[in-house]
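Visitor: Got a sequence here, can you build the structure:
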Amino acid sequence: MSLLDQVAPAPRKIMTLFYLVDTSGSMMGDKLGSVNSAMEEAITVDLPDISSANDDAEIRIAIMQFSTGCAWITPNSGPIPIGDVIWNDLTPNGITDLGAACKELDSKLSRTGFLQSQTGAYAPVILLFSDGGPTDDWESGLKKLKENNWFKHAIKIAVAIGDDADRDVLAAFTGTPEAVIGVRDKQTLKALIRKVSVRASEFQSHSKQSSDVVTSAEDDSAAIVKDVVQDITGQSADTSDGKPIDVSIDPAWGTDW
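Guide: Residues are numbered from 1 along each chain as shown. Purely as a prediction, here's the structure:
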């Protein structure tokens with residue numbers, strides 16, 4: 001055995017991908033069904049390849065559902081490797097306690113919570129999926145979350161599902177309306193979840209680290225949204241007006257739910 005054979009690969013830092021999924025009653029039907037299908041595809045097909053090919057980071061997953069209250073789908077002990085995630089379809093029920101979800105996320109965004117790692121951690125990626133407005137005191141929960149330094153540096157993207165989504169609330173969560181993507185048909189939603197998950201994970205664990213240009217997390221999130229929308233539609237996404245972007249593959253806009 002040569003000396004080269006005895007050299008162990010350098011330990012990779014952890015990059016955690018957080019999914020916050022609205023499972024309130026208004027997500028019933030194809031809305032949550034499409035999220036279930038797209039999440040399963042992303043976790044089992046797309047993200048494992050990205051994680052294994054990334055020399056810099058190991059991608060781990062943490063999934064929370066929120067409706068009346070909130071709960072972690074992945075273990076309460078912390079994020080797990082992609083290969084260990086077993087996706088079980090989520091079911092809709094209850095109201096939309098976004099504030100409770102923000103408070104719970106804040107409690108886990110720390111080195112004593114979900115971001116503890118002996119090899120170090122990159123700033124996380126946080127993806128929020130919702131179709132409606134919150135029903136609890138979401139503003140106080142979000143205010144507390146925004147004081148969290150990990151949240152400040154995280155990539156934050158929200159997917160507004162359907163015409164009834166409260167985009168002002170989602171923009172408050174991401175910090176910019178340009179990181180909110182509107183989607184009104186299930187095929188686009190499936191493509192969007194996969195592409196946003198992969199692109200954001202690649203960016204946060206690799207592209208951002210190799211860039212000499214200092215940008216804010218909000219600018220980075222908006223840039224990822226713009227790239228993904230262009231990839232899906234084949235057209236450049238104009239985010240200069242500061243408004244949320246809509247994407248749709250289905251020409252019968254908004255009728256595929």
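
Visitor: residue contacts, the residue positioned nearest the centre of the chain?
Guide: Nearest to the mean C-alpha position of the chain, counting by CA atoms, centre = their mean, stands L127 at 1.8 Å. Each residue near L127 by CB atoms under 8 Å, 6 or more residues apart in numbering is listed here: 17-20, 157-159, 193, 196-197, 200. (Glycine included, C-beta is placed from N, CA and C.)

Visitor: want to throw those into TSV with neighbour count, secondary structure and pLDDT?
Guide: As requested, those are arranged in TSV below (neighbours: other CB atoms under 10 Å; DSSP: H, G, I helix; E, B strand; the rest coil; pLDDT from 0 to 100):
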residue	neighbour count	secondary structure	pLDDT
L17	27	strand	94
F18	24	strand	97
Y19	22	strand	96
L20	22	strand	97
I157	28	strand	96
A158	27	strand	96
V159	25	strand	93
I193	24	helix	85
V196	25	helix	90
S197	26	helix	87
A200	26	helix	89
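
Visitor: Next, the closest residue to L109 other than its chain neighbours: secondary structure please.
Guide: Nearest residue to L109, sequence neighbours excluded (CB to CB, 6 or more residues apart in numbering): W150, at 4.1 Å. Per DSSP: H, G, I helix; E, B strand; the rest coil, the local secondary structure of W150 is helix.

Visitor: Can I get the contacts of L127 in a markdown table including distance to W138?
Guide: As requested, the contacts of L127 are arranged in a markdown table below (distance: CB to CB, whole Å):
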| residue | distance to W138 |
| --- | --- |
| L17 | 23 |
| F18 | 17 |
| Y19 | 18 |
| L20 | 12 |
| I157 | 18 |
| A158 | 13 |
| V159 | 17 |
| I193 | 23 |
| V196 | 22 |
| S197 | 24 |
| A200 | 23 |
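
Visitor: Nearest to T44 among those residues?
Guide: T44 has its nearest neighbour among the contacts of L127 in S197, at 11.9 Å by CB to CB.

Visitor: Would you agree that closest one is in contact with T44?
Guide: No - shown here, S197 and T44 do not form a contact pair, counting by CB atoms under 8 Å, at 11.9 Å.

Visitor: what are the bridge partners for I80, then?
Guide: I61 (DSSP bridges).

Visitor: Could you tell me which residues make contact with it?
Guide: By CB under 8 Å, 6+ apart, the neighbours of I80 are 60-62, 74.

Visitor: State the phi and psi torsions of I232.
Guide: Dihedral pair for I232: phi -70, psi -40, per degrees, to the nearest 10.

Visitor: can you tell me which residues contact it?
Guide: Contact analysis of I232 by CB under 8 Å, 6+ apart lists 188, 191-192, 195, 247, 249.

Visitor: For it, give its distance to Y122.
Guide: 26 Å (CB to CB, to the nearest Å).

Visitor: go on, P134?
Guide: Taken as CB to CB, the span from P134 to Y122 is 29 Å.

Visitor: quick one: the helices in this structure?
Guide: Ranges of helices in the chain, per DSSP state H, are 3-6, 30-41, 47-53, 98-108, 138-145, 149-153, 167-174, 186-202, 217-233.

Visitor: who wins for proximity to S117 among those?
Guide: Between S117 and the helices of the chain, the tightest spacing by CB to CB is seen for helix 149-153, at 12.4 Å.
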